[in-house]
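>>> Pasting a predicted model and its sequence here:
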Amino acid sequence: MPVGAEHPASTVAAIQGAAHRKKESIPIFVLSFPGRRPVLSFIMQQNAAKCNKPTVPKLEKGGLSWYNKTNPQHKTIFVEMHMKRLRLFSSLKSKIIACIVGTAAVCSLWLSTQYYRNYNQQLLRNNEQLTQANIEFILRSIDDQLTAVEFYSSGILSNQSFYELLSSNVETPDSKLVLVSLQEELRMQMYRSIVQDYIERVLVQGENGAMIQWSATFGSLQDGRQVEQQPFFTQSVSSSRVDWVGLGDSIVSNNLYTKPIIPLLRPFFSDTGERRLGWLYIECSTDILQDVLQKYPVADGSEVFLFSDQGLYLAHSDPARIGQEVPQFAELSAALVGDSGSTEWNGQVLVYRRSEKTGWCIVQSTPMANLTVQQHTFFEFSGQILLVGAAFVLLVGWLLSANLTRPIQRLTAHLQKVQGGEFEADPALEGDDEIGRIGRTVNEMTLSIRQLLQENLEKEKNKRQLEMKVLQSQINPHFLYNTLNSIKWMATIQNAPAIAEVTVSLSRLLRNVAAGTDQKVTLEEELSLLKEYIKIQKLRYGEKFEVFFDDELDQYGQLHIVKMTLQPLVENAIFHGIEPKDGPGNIYLSACTQQGALHIIVEDDGVGMQVTPGALPTTSDARKERFSSIGLRNIDQRLKLCYGSQYGLTLESEPGAYTRVIVTIPEE
């Protein structure tokens, strides 16, 4: 309903009733249509309960409002919402921009995803390479420290004085002096070692009972026996190579005091190597490993640790964890495949390397979150690139769509002119691009439409002329009907039934002719009209000709044909085919359908004629138009005007043999 129009009485009454029943805030929705733009009005009265009389609706511009007759200072909330028609994607310009932006967004998202994936992989590779270099350096430094301890132990094992002591009787007075001197030698060699700060105990025990010991703390004569009770003793004392067994407890440990150490035990063999003379035992502080590890800076949240095959921490970035068991040691060992590499485990990125010297494994553990912190910069940078790229793509899309839509708008305006009846070509529409070629086609179409209209006008003009020619050839029908009716009654009175029958046939024939020749009738009606004409001609020619109707004509009786199509054909067959022939003749009518078209064949066995292929004889001979004034060419033109150029008459003839006329019309 337009703004300002009067609402129907039923609507106002319904609203008044609702307001009267409920003296409170009443939400009302009114949909009105000012022009072509819909307007949704939402009206809610405030403080209606305070009014003495029910509120009454009234019309205001843009919708419906409420007022109170007794309170001019009423409060009314009147909200009007203009609902604009959504035209998103309704224009080619917006579709092009949407397609370009959408494609660019998808491509950018795909490229960003690929770049992020490659960046993430590269970040992990860089982290692994850097960490591998660091832990390799740490592991090499640790191996160097252990090699220094081995070098110190080899100095003792290669000292001839120790071999002589372990090979002699230690109960002699000279042997006791040798023990004292060798103990000093043991101390002096340790002071010359670069790892002297980490060696806490050195003990040489002979099979002959001789024992030499140096300790940074204290010792006893039972220390040798304590060493022999260590779990690694049997294996190490029988091995000819250096065997670092990992973490152990000091031999001075007890129930009240336990100190983890790195032990080393090597046997003394005779010169021939056939007999073991004793063994050398060294206790190293775990600081020999921890000090190396502490020099390596570790990021917050990351850990670096060294563990042995026993599953114990030998060194850790958190010193308090030295000697503790590695959590989930079996699963961790299974995850660390090979001598070096990296893997993700429990939300951590583990970069590891095993020592070829000891078999111990050093690991740096970095939380994945620490690596993603570095990815925030990437996301910010990628977001900026996407925003700039989106703005650029939007600008390019707008320019491209503008260049496309402008010629399309011109094309649309031209088509609207064509729709209004201006069939003029516009050269500005044509060009070398796709839209220009469309414009050229539109111009060609415009000219073709103009030409077609002119041809149709010419056809209509010709059609009217033919109709006029038919009408001019007709005798005043009322005069003929009255005359024929008089002749019929005279023939009946004089007992001449043949004349009466012919008069009736002629009357029926003229009635159909008087009704016009443009009217379509069924084939059954057309054949009935033709039979009346044949009765008239039979009265004149007698046995001169016979007409045979094929039985198949009956099945096409309800199909339509232009009236007075067959009669002139039969007339021509009688006058120009049978009449000049010596002796009687026959006329055959048959029909068939093919590919949606009805073919009616009128054939006679008269004198025939010479026919040019594809041509029909003219109608200049008045005799040809004696009865109907409609020749073959005129019939053909009528059919083409009515049905189209592909329909009409086809003439076949052979002099002295036959003449065949085929009427082709659509099945309808």
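Happy to help now that I have it.
>>> export stretch 525-537 as CSV, just CAs?
Presented in CSV, the C-alpha positions along stretch 525-537 are these (Å, rounded to 0.1, in the frame of the first residue of the first chain):
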residue,chain,number,x,y,z
GLU,A,525,-14.6,-30.7,-44.9
GLU,A,526,-12.3,-29.8,-47.8
LEU,A,527,-13.0,-33.2,-49.5
SER,A,528,-16.7,-32.8,-48.9
LEU,A,529,-16.6,-29.4,-50.7
LEU,A,530,-14.6,-31.1,-53.5
LYS,A,531,-17.2,-33.8,-53.9
GLU,A,532,-19.9,-31.2,-54.4
TYR,A,533,-17.8,-29.6,-57.2
ILE,A,534,-17.3,-33.0,-58.8
LYS,A,535,-21.1,-33.6,-58.9
ILE,A,536,-21.5,-30.4,-60.9
GLN,A,537,-18.7,-31.4,-63.4
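>>> What are the contacting residues of it?
Residues lying outside stretch 525-537 but in contact with it, judged by C-beta atoms under 8 Å, 6 or more residues apart in numbering, are 501-502, 505-506, 508-509, 512, 521, 545, 547, 549, 553, 557, 561, 563-567, 570-571, 574, 589. C-beta: built from backbone N, CA, C; applies to glycine.
>>> Distance from that stretch to the middle of the chain?
70 Å (C-alpha atoms, centre = their mean, to the nearest Å).
>>> I'd like the mean pLDDT over it, please.
The pLDDT scores in stretch 525-537 average 87.
>>> Likewise for stretch 449-468?
The model assigns stretch 449-468 a mean pLDDT of 82.
>>> buried residues in that stretch?
For stretch 449-468, a neighbour-count test (16 or more other C-beta atoms under 10 Å) marks residue 466 as buried.
>>> Ok, stretch 601-611 next?
Within stretch 601-611, the residues scored as buried using 16+ other C-beta under 10 Å are 601, 602, 603, 604, 605, 606, 607, 608, 611.
>>> just stretch 265-285 next, same as before
265-266, 268-269, 277-285.
>>> Narrow the contacts of stretch 525-537 to those in strands?
Counting by DSSP state E, the contacts of stretch 525-537 place 521, 545, 547, 549, 561, 589 in strands.
>>> With respect to residue 135, which of those is nearest?
Closest approach between the ones in strands among the contacts of stretch 525-537 and residue 135, by C-beta to C-beta: residue 561, at 103.7 Å.
>>> pretty sure the closest one contacts residue 521?
Yes. The pair residue 561 / residue 521 is scored as a contact, 6.7 Å apart, by C-beta atoms under 8 Å.
>>> So those two - more neighbours on which side?
residue 561 (24 against 18; other C-beta atoms under 10 Å).
>>> for the more buried one, what are its contacts?
520, 521, 522, 523, 526, 598, 600, 663, 665.
>>> if we go to 10 Å?
Contact partners of residue 561, counting by C-beta atoms under 10 Å, 6 or more residues apart in numbering, are 520-527, 598, 600, 639, 642-643, 663, 665, 668.
>>> one step back: from the ones in strands among the contacts of stretch 525-537, which single one is nearest residue 216?
Checking those against residue 216 with C-beta to C-beta, the nearest one is residue 561 at 132.8 Å.
>>> quick one: that closest one from residue 645, how far?
Separation of residue 561 from residue 645 (C-beta to C-beta, to the nearest Å) stands at 18 Å.
>>> got it, and residue 408?
For residue 408 relative to residue 645 (C-beta to C-beta), the value is 36 Å.
>>> and stretch 639-655, which residues are buried?
639, 641, 642, 643, 647, 648, 649, 651, 653.
>>> need these in TSV with distance to residue 323, pLDDT and secondary structure, can you?
Output for the buried residues of stretch 639-655, formatted as TSV (distance: C-beta to C-beta, whole Å; pLDDT from 0 to 100; DSSP: H, G, I helix; E, B strand; the rest coil):
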residue	distance to residue 323	pLDDT	secondary structure
639	115	90	helix
641	114	86	helix
642	113	87	helix
643	110	90	helix
647	110	94	coil
648	114	92	strand
649	119	94	strand
651	122	92	strand
653	126	91	strand
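>>> What is the nearest of those to residue 593?
Using C-beta to C-beta, these come closest to residue 593 at residue 647, 13.5 Å.
>>> which SS class is the residue nearest to residue 321 when sequence neighbours are not counted?
Sequence neighbours aside, residue 313 is the residue nearest to residue 321 in space, at 5.2 Å (criterion: C-beta to C-beta, 6 or more residues apart in numbering). State at residue 313, reduced to three classes by DSSP: H, G, I helix; E, B strand; the rest coil: strand.
>>> Could you measure from residue 313 over to residue 236?
Taking C-beta to C-beta, one finds residue 313 at 22 Å from residue 236.
>>> tally of neighbours for the residue nearest to residue 321?
22.
>>> go on, residue 339?
The burial count for residue 339: 12, using other C-beta under 10 Å.
>>> Could I get the pLDDT score of it?
Residue 339 carries a pLDDT value of 87.
>>> My guess is it contacts residue 362. True?
No. With contact taken as C-beta atoms under 10 Å, residue 339 and residue 362 are classed as non-touching, separated by 11.4 Å.
>>> what residues are shared contacts of the two?
352, 353, 354, 355.
>>> how much space between the first one and residue 300?
Relative to residue 300, residue 352 is positioned 21 Å away (criterion: C-beta to C-beta).
>>> who has more neighbours, the two?
Per other C-beta under 10 Å, whichever of residue 352 and residue 300 has more neighbours is residue 352, with 22 against 6.
>>> Kindly indicate whether the residue found closest to the more buried one once you drop the neighbours it is linked to in the chain is helix, strand or coil.
Counting by C-beta to C-beta, 6+ apart, residue 363 is the residue found nearest to residue 352 once chain neighbours are left out, at 4.5 Å. Here residue 363 is strand, with the state taken from three-state DSSP.
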